[in-house]
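# build me a structure from this.
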Amino acid sequence: MLAEIITIGDEILIGQIVDTNSAWMARQLNLTGISVKQITSVSDDENHILQSLADAEQRADVILITGGLGPTKDDITKKTLAKYFNMSFRRDAGSLEMVRQIFEKYKRPLLDINMQQADVPDGCEVIVNKNGTAPCMWFEQNNKIFVSMPGVPYEMMYLMDDEVLPRIKSRFKLPSIVHKTILTANIGESFLAKEIEEIEDGLPSHIKLAYLPKLGQVRLRLSASGENEMAVNKEVEAYAQQIIARIKKHVVIDEDIPLEQAILNIMKAKGLTLSTAESCTGGYIAHLITQHPGCSSVYWGGAVAYAYELKESILGVKESTLTRFGAVSEETVTEMAEGAIKHFKTDYSIAVSGIAGPDGGTDDKPVGTVWIAISSKNKTVAKVFDFSNKRFQNIERSAASALMMLLNLLREDLHDE
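Got it, this is the predicted structure:
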């Protein structure tokens, strides 16, 4: 079965918002056994939407649409859908009651424009949106299913999880799709491909291998589909273990999780704790870590210390070190990391100090110069990096490099146990 996702809204096309809906829906559809044929973003233009619907109907069995269901004049999705399916409008009682309840709950006056949210094309099946005023609408034509949902992410997610996907699964016999991800580090994509070339060449046609590179990391994803989920799982796992055995020293974990979560899992299993001392990354490393539930069992906290005074008072960096070597130096970042270990009383620490840009560089320390140090109670490792003149790229690359350095020191220490 094939699906197509259509997101509607000028705000997506001008970059005012990022279309996270499509990525989330694509993941859920894939896990359900539905392949996504295409993802399309279209403007708030009737002719553009009509053409996209007609094209999608030719390509896919299920067309999922988000956006353009608000109460204002720029939201034209409902009217366009009614035109596409040649339907008039009716006021849906269930949707109107939900609108009334929401406005009553927040003690807001119910205007006519708000009640119009309950107006729907008269030939659709309405799925009441319990988290908002815009109803979900289900259409069928030429053995194709069209589902229009609000663009608000949490409203769409509820409708997909609780209503749309269960209805699709009850209607169709879907194949089992299995994915197995292996997170690798400290090896480039081309070198990795060379190492496992023989295994990749031996994969059967129904098992695909994808390389997903990221700064300092490559995720390998094995994907397969079949009628017997248990058999497919077993086959994919067998090939995954062959790959893991071949590149064992580069494997971080055989799960589809980000590097920082893999590190947290390793440290939690060993009862180890972590702190951070950030300057140019401004807390970005702490953000990456703390987005994962349960991180508090490992991550105790840290400091964002830009000013010399804070580096001295919070992290214990010597005034003489800062005066002689400057904030962006091996000496300073080493004292930041060791100060974090001492003052935050953790087993490991990450420290970063650099010139993120776009200005602030000098001849000997141009923009993109970043020093990173990783400390344990017995050892500190420091390294300088020369990144670009793009500020956020430098912050991202600094965080990725710091996590890689932490992983390497962890592995070294655990190997010596």
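# quick check: phi and psi on the residue lying closest to residue 9 once chain neighbours are set aside?
Among residues not flanking residue 9 along the chain, residue 67 sits closest, at 4.4 Å (Cβ to Cβ, 6 or more residues apart in numbering). C-betas here are computed from N, CA, C, even on glycine. Residue 67 adopts backbone torsions of phi 100, psi 160, taken as degrees, to the nearest 10.
# quick one: contacts for the residue nearest to residue 77 when sequence neighbours are not counted?
In space, and not counting its chain neighbours, residue 77 is closest to residue 68: 3.2 Å by Cβ to Cβ, 6+ apart. Contact analysis of residue 68 by Cβ atoms under 8 Å, 6 or more residues apart in numbering lists 8-9, 44, 49, 75-78, 80, 151.
# distance check, residue 68 against residue 231.
According to Cβ to Cβ, to the nearest Å, residue 68 and residue 231 sit 43 Å apart.
# need the outlier residue of the chain, farthest from its centre.
For the chain, the largest distance from the centre (Cα atoms, centre = their mean) belongs to residue 320, which lies 42.6 Å off.
# how far away is that one from residue 384?
According to Cβ to Cβ, residue 320 stands 21 Å off from residue 384.
# for residue 68, same thing?
Plainly put, residue 68 is 50 Å away from residue 384 if you go by Cβ to Cβ.
# can you list the contacts of residue 68 in CSV and add neighbour count?
Compiled in CSV, the contacts of residue 68 are given as follows (neighbours: other Cβ atoms under 10 Å):
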residue, neighbour count
8, 27
9, 22
44, 20
49, 24
75, 18
76, 18
77, 26
78, 22
80, 23
151, 23
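# can you list which of those residues are found in strands?
Judged by DSSP state E, strands contain the following of those: residue 8.
# give me the sheet partners of the helix or strand containing residue 350 and which way each runs.
Residue 350 belongs to strand 348-354 when elements are defined using DSSP states H and E. Counting by DSSP bridges, the strands paired with strand 348-354 are strand 274-278 (parallel), strand 369-376 (antiparallel).
# tell me which of the ones you listed sits nearest to residue 27.
Among the strands paired with strand 348-354, the nearest to residue 27 by Cβ to Cβ is strand 274-278 (29.2 Å).
# buried residues in the following helix or strand past that closest one?
Sequence order places helix 284-290 as the next helix or strand after strand 274-278, per DSSP H and E. Within helix 284-290, the residues that count as buried by 16 or more other Cβ atoms under 10 Å are 284-286, 288-289.
# now do residue 53 against residue 22, distance only.
Separation of residue 53 from residue 22 (Cβ to Cβ): 16 Å.
# which of the two has more neighbours?
residue 53 (23 against 19; other Cβ atoms under 10 Å).
# identify the residues contacting that one.
Counted by Cβ under 8 Å, 6+ apart, residue 53 has contacts 6, 63, 65, 80-81, 84, 146.
# what's the most buried one of the strands paired with strand 348-354?
Among the strands paired with strand 348-354, the stretch with the highest mean neighbour count (mean count of other Cβ atoms under 10 Å) is strand 274-278, at a mean of 28.
# and residue 200, what does it touch?
Contacts of residue 200 by Cβ under 8 Å, 6+ apart are 193, 209.
# can we see that at 6 Å?
When contacts are counted by Cβ atoms under 6 Å, 6 or more residues apart in numbering, residue 200 is found next to residue 209.
# that one: what secondary structure?
Secondary structure for residue 200, judged by DSSP: H, G, I helix; E, B strand; the rest coil, is helix.
# local confidence estimate at it?
For residue 200, the pLDDT comes out at 97.
# quick one, strands of the stretch 201-350 of the chain?
For the stretch 201-350 of the chain, the strands defined by DSSP state E, counting those that start in this stretch occupy 207-214, 217-226, 251-253, 274-278, 299-304, 348-354.
# as CSV, the ones you listed with distance to residue 245 and mean pLDDT would be great.
Shown next, in CSV, are the strands of the stretch 201-350 of the chain (distance: least, Cβ to Cβ, whole Å; pLDDT from 0 to 100):
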stretch, distance to residue 245, mean pLDDT
strand 207-214, 15, 93
strand 217-226, 13, 93
strand 251-253, 9, 93
strand 274-278, 30, 98
strand 299-304, 32, 97
strand 348-354, 29, 98
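# going along the chain, name the helices of the stretch 51-200 of the chain.
Applying DSSP state H, counting those that start in this stretch to the stretch 51-200 of the chain gives helices spanning 77-84, 93-105, 112-115, 153-159, 165-171, 189-195, 197-201.
# pick the most deeply packed of those.
Across the helices of the stretch 51-200 of the chain, averaging neighbours per residue (mean count of other Cβ under 10 Å) puts helix 77-84 on top, at a mean of 20.
# what packs against it?
Judged by 3 or more Cβ pairs under 6 Å, 6 or more residues apart in numbering; DSSP states H and E, helix 77-84 is in contact with helix 46-59.
# next, the angle from the helix it packs on to helix 77-84.
60 degrees (axes from the mean of the first three to the mean of the last three Cα atoms, to 10 degrees).
# mind listing what's buried in helix 46-59?
For helix 46-59, burial by neighbour count (16+ other Cβ under 10 Å) applies to 49, 52-53, 56-57.
# identify, from those residues, the entry nearest to residue 205.
Ranked by distance to residue 205 (Cβ to Cβ), the buried residues of helix 46-59 are led by residue 56 at 28.0 Å.
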